[in-house]
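Asks: following is a predicted model, sequence given first.
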Amino acid sequence: MSQPTSPGEQSPPACYRHPDRPTYARCQRCGRPICGECQTPAPVGFICPECMRQQRASAPRTRSAFLTRMTGPRQPTVTYAIIALCVVVFIAQWVSGLGNGPVTSALWYAGIYGYPNDTVVRTAQGAVLGSYEPWRMLTTAFVHANLLHIALNMYTLWIFGMVLEPMLGRVRYGVLFLLSAIAGSVGVYLLDTPDQPVVGASGAIFGMMAALLVIQRHLGGQITQLLVLVGINLVISFLPGFGIAWQAHVGGLVGGALVGLIYTRTRSRSRRPLQIVLLVALTVALVILGSWHVFAG
């Protein structure tokens with residue numbers, strides 16, 4: 001049996017949604033009294049139904065786990081895109097008769113693939129067609145000779161892309177890959193005969209290794225293991241009988257190191273305009289070096 005409230009004792013407030021239910025609990029957000037039925041536990045205290053609806057409405061929308069993994073801010077989406085493009089080109093090379101069918105011819109006319117089984121430095125210098133096609137210094141990076149070639153390159157690209165792309169950001173990482181690829185073709189042109197056909201993304205990958213070395217050294221990170229890895233791969237490049245274009249690897253190393261140096265020296269936001277100017281200047285220099293026979297007459 002309830003005791004009547006004494007004249008000096010204040011009666012408890014009623015729930016704002018159920019006036020017949022006295023309660024001492026209040027919403028931690030709006031301060032209104034709420035009964036047990038209207039209470040939603042919060043990290044501290046309780047929240048009323050209206051405040052809970054507002055909280056849910058303002059909460060970030062979740063995406064599927066797969067989409068989050070593939071496109072999250074720290075996921076190497078540019079690396080995935082490069083790998084996908086290389087695989088598509090590789091399939092197109094071989095889908096119509098070991099690289100000599102109509103699909104390959106279409107790639108040739110698009111400036112992506114050399115004919116019949118090369119791309120790049122030879123055609124870029126015009127030794128075959130008698131024309132100047134500098135874009136082939138870049139498109140060679142997306143063409144591979146066989147299944148083992150593309151498998152090894154894409155695996156290595158994925159390993160270093162997982163580290164570099166979140167570190168640099170997608171745009172700077174993409175620029176690093178493209179400039180390293182061009183530098184690899186320039187290395188072949190300067191260190192080998194101009195009509196030497198080469199294919200593959202290994203020049204760009206060596207550029208990624210060199211850039212990571214420079215960046216880690218600048219940040220004071222541990223580089224011994226990475227230096228050993230680069231050294232081993234570079235030595236393998238010179239072994240006879242493997243058909244490896246060591247010139248592309250050397251060119252990619254130099255180009256990637258230069259890009260890494262530019263990034264480390266222009267890290268601050270105030271120096272971003274200088275970063276862009278230096279990257280453009282490096283691009284122009286690589287194109288001129290790779291087309292020296294045209295400018296030299």
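Replies: Thanks, I have the structure now.

Asks: mind listing the helices for the protein?
Replies: Assigned by DSSP state H, the chain shows helices spanning 49-58, 65-71, 77-94, 102-109, 121-124, 136-139, 147-168, 170-191, 202-219, 224-237, 246-265, 272-290, 292-295.

Asks: any chance of the ones you listed in TSV with distance to residue 41, mean neighbour count and mean pLDDT as columns?
Replies: Heads up, the C-betas are built off the backbone N, CA and C, glycines and all. TSV is the format used below for the helices of the chain (distance: least, CB to CB, whole Å; neighbours: other CB atoms under 10 Å; pLDDT from 0 to 100):
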stretch	distance to residue 41	mean neighbour count	mean pLDDT
helix 49-58	10	13	81
helix 65-71	27	10	45
helix 77-94	39	17	89
helix 102-109	62	16	49
helix 121-124	68	26	37
helix 136-139	59	24	81
helix 147-168	37	17	91
helix 170-191	41	24	91
helix 202-219	45	24	91
helix 224-237	49	13	82
helix 246-265	49	24	93
helix 272-290	47	15	92
helix 292-295	73	12	60
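
Asks: could you dump those into TSV and include distance to residue 21?
Replies: Shown next, in TSV, are these (distance: least, CB to CB, whole Å):
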stretch	distance to residue 21
helix 49-58	14
helix 65-71	42
helix 77-94	54
helix 102-109	76
helix 121-124	83
helix 136-139	74
helix 147-168	54
helix 170-191	56
helix 202-219	62
helix 224-237	68
helix 246-265	65
helix 272-290	61
helix 292-295	88
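
Asks: what's the closest of the ones you listed to residue 11?
Replies: helix 49-58 (23.9 Å; CB to CB).

Asks: which residues are in contact with the closest one?
Replies: Applying CB atoms under 8 Å, 6 or more residues apart in numbering, the contact partners of helix 49-58 are 17, 27, 29, 30, 38, 40, 47.

Asks: what do you get if the cut-off is 6 Å, keeping everything else the same?
Replies: Applying CB atoms under 6 Å, 6 or more residues apart in numbering, the external contacts of helix 49-58 come out as 27, 29, 30, 38, 40.

Asks: and that helix, C-alpha only, in CSV?
Replies: What follows is helix 49-58 as a C-alpha-only set of coordinates in CSV (Å, rounded to 0.1, in the frame of the first residue of the first chain):
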residue,chain,number,x,y,z
PRO,A,49,12.9,7.5,-28.1
GLU,A,50,13.0,10.8,-30.0
CYS,A,51,16.6,11.4,-29.3
MET,A,52,17.4,7.8,-30.3
ARG,A,53,15.7,8.3,-33.7
GLN,A,54,17.7,11.5,-34.3
GLN,A,55,20.9,9.8,-33.4
ARG,A,56,20.2,7.0,-35.8
ALA,A,57,19.3,9.4,-38.6
SER,A,58,22.5,11.3,-38.3
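
Asks: from the middle of its chain, how far away would it be?
Replies: 38 Å (CA atoms, centre = their mean, to the nearest Å).

Asks: what's the answer for stretch 46-59, then?
Replies: Here stretch 46-59 is found 38 Å from its chain centre; the criterion is CA atoms, centre = their mean.

Asks: over to stretch 75-83?
Replies: For stretch 75-83 - counting by CA atoms, centre = their mean - the centre lies 5 Å from the chain centre.

Asks: what does it contact?
Replies: With contact meaning CB under 6 Å, 6+ apart, stretch 75-83 is reached by 71, 154, 161, 162, 165, 170, 173, 174.

Asks: who's in contact with the third one?
Replies: Okay, so that is residue 161. Residue 161 neighbours (CB under 6 Å, 6+ apart): 76, 79.

Asks: one more: the fifth one?
Replies: The neighbours of residue 165, taking CB under 6 Å, 6+ apart as the test, are 76, 78, 79, 173.

Asks: quick one: which of the contacts of helix 49-58 is nearest to residue 280?
Replies: Using CB to CB, the contacts of helix 49-58 come closest to residue 280 at residue 29, 53.0 Å.

Asks: returning to that earlier point: whichever of the contacts of helix 49-58 end up buried, select them in PyMOL.
Replies: Under the burial definition 16 or more other CB atoms under 10 Å, those of the contacts of helix 49-58 that qualify are selected in PyMOL by:
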select buried, resi 27+29+38
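
Asks: counting only strands, which of the contacts of helix 49-58 make the cut?
Replies: Taking DSSP state E, the ones among the contacts of helix 49-58 that sit in strands are residue 40.

Asks: and of the contacts of helix 49-58, the nearest to residue 281?
Replies: Using CB to CB as the measure, the one of the contacts of helix 49-58 that approaches residue 281 most closely is residue 29, at 56.4 Å.
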